[in-house]
Structures are given as structure tokens and as C-alpha cells.
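Chemist: Need a 3D model of the following:
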Amino acid sequence: MKVYAPLDGRILKVEAANGSPVAIGDVLCTLAPGEKDLREALRAFALVGTAEDLDAIRAALNRTYATKGAAEQGEITIKLIQKQALTSATACEQLELRRERADKIRSPARTPQRADLKPAGEAPDYSRIG
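Modeler: Reported below is the predicted structural model:
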């Protein structure tokens, strides 16, 4: 019986020898992703990846099945994620500074005094009221 993998790739390790009995769900072999699939995954990480993903990306690139093209795409992906993380951090810092400035402006100690209010202790003059 022939067995076909649903994905493109290479066989890394054969788990079940040819002709040996197997059951449904048994692992027959371990596959490495094809270059196209690996490069597409790296492109996706470039769009949605975070700094937490960098170790997994580097690990995938250090495996023996990573081709030169995948390695180049991986380096681009890593640089984009690092740049995005730096940009996000800078944006968060700027937002925090804006919040601090807004809090200072709203602070009661800096509330401007109205010019038409009399100093405390003086009684209001009601003689002009009709």
C-alpha cells in the first residue's frame, strides 16, 4: 500500500519499516516542510509575529532542512519582527508620556483661578442685587 503525505516536504526519519504492520494513527515517518511551505510560514511571521516568536524562528532555521532561500527569508522576517517590536515599544513610551502630561494638566494643583472670584474670607457684596 502506498501512503501519501498531505504536505510537500522531505522524509527526515522513518518510524515504521516497509512492510511492518501498523494501525490507524501510528506515526509512519517524520517530515520536514518543503521550502515553499517554510518560506510562506516565515512570510506570515513577518506580518503577525512577535518578539516571543524569534526563538522558534531561529530554531527552525538552524535545522538541517532549512534551505538557503528559507534562511534568507528567515533573516528578513527576524529583522521585520525586531523593527516592529522596537516601533511598538516606542509608541507605547510616547503614549505613556502623553498620559503623564494630560494628568499634570488635569491636576488640581494646576487648576487656573478665575479672576472674578473674591479671595477667601471676604463677604460677597449683595447691595447691587435688585
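Chemist: Determine which residue lies closest to the centroid of the chain.
Modeler: Closest residue to the average C-alpha location of the chain: residue 50 at 2.8 Å, with CA atoms, centre = their mean.
Chemist: What is the longest helix of the protein by residue count?
Modeler: Longest helix in the chain by number of residues, with DSSP state H as the criterion: helix 68-106.
Chemist: so where's this protein uncertain?
Modeler: Applying pLDDT under 70 to the chain picks out residues 64, 107-126, 130.
Chemist: which phi and psi does the nearest residue to residue 15 once chain neighbours are set aside have?
Modeler: Once flanking residues are discounted, residue 15 sits nearest to residue 27: 4.7 Å by CB to CB, 6 or more residues apart in numbering. In short, each C-beta sits where N, CA and C put it, glycine included. Main-chain torsions, residue 27, degrees, to the nearest 10: phi -80, psi 120.
Chemist: And for residue 27, the neighbour number?
Modeler: By other CB atoms under 10 Å, 10 other residues sit near residue 27.
Chemist: is it true that it touches residue 14?
Modeler: No: Residue 27 lies out of contact with residue 14 (CB atoms under 8 Å); the separation is 10.0 Å.
Chemist: For the residue nearest to residue 15, give its distance to residue 12.
Modeler: 12 Å (CB to CB, to the nearest Å).
Chemist: Overlap of the contact sets of the two?
Modeler: The contact sets of residue 27 and residue 12 do not overlap (CB atoms under 8 Å, 6 or more residues apart in numbering).
Chemist: circling back: can you list the buried residues in the longest helix of the chain?
Modeler: Residues 70, 71, 73, 74, 77, 78, 81, 84 are the ones in helix 68-106 that count as buried (16 or more other CB atoms under 10 Å).
Chemist: Cheers, nothing more for now.
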